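Asker: can you look at this prediction? I've put the sequence above it.
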Amino acid sequence: MHEVGIANSILEAGRTETARRPGAKLMGIGVRVGVLSGVDVDALRFAFECIIAGTEDEKVVLTAENCPRMNRCEDCGREYVSPQLSPFTDAPCPGCTSHHTSFVSGDQLDIAFVEVEEP
């Protein structure tokens with residue numbers, strides 16, 4: 001379950017950011033998880049809760065935003081949510097029906113924010 005390693009890295013990133021502000025306390029971390037990232041959001045939340053249980057960070061809240069696969073039409077420039085879950089197949093553009101599209105996002109795993117409480 002690679003979500004444990006990911007959860008640990010997320011927590012470490014939050015701690016690193018908090019350490020930049022003397023006396024601050026880590027309150028929350030937000031992440032964006034793409035549908036094609038291979039990360040199970042429920043497993044990530046569970047792993048995070050297990051890691052922080054019984055520690056000084058046990059009240060830290062992990063917020064996970066699911067991000068859909070996005071494509072861009074090379075003909076009309078429209079960006080749209082693609083119903084395709086494979087990075088190797090593309091749905092046609094809903095605006096002009098062109099198949100000349102490219103993958104834009106949906107495989108990300110990014111920290112969106114770190115919330116700290118300063119003294």
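Answerer: It's in. Residues are numbered from 1 along each chain as shown.

Asker: in a strand, E65, correct?
Answerer: Yes. Assessed by DSSP: H, G, I helix; E, B strand; the rest coil, E65 belongs to a strand.

Asker: what does the lengthiest helix in the chain contact?
Answerer: Ranked by number of residues, the top helix in the chain under DSSP state H is helix 3-19. For helix 3-19, contacts defined as Cβ atoms under 8 Å, 6 or more residues apart in numbering pick out 24-26, 29, 31, 39-40, 43-44, 46-48, 50-52, 57, 60, 62, 109, 111, 114, 116. C-beta here means a position set from N, CA and C on the backbone, and glycine is covered the same way.

Asker: helices along this protein, start to end?
Answerer: Using DSSP H, helices in the chain cover 3-19, 41-52.

Asker: adding mean pLDDT and mean neighbour count, write those out as TSV.
Answerer: TSV is the format used below for the helices of the chain (pLDDT from 0 to 100; neighbours: other Cβ atoms under 10 Å):
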stretch	mean pLDDT	mean neighbour count
helix 3-19	97	17
helix 41-52	97	17
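
Asker: could you point out which of those helices sits nearest H100?
Answerer: Taking Cβ to Cβ, helix 41-52 is the member of the helices of the chain nearest to H100, at 32.1 Å.
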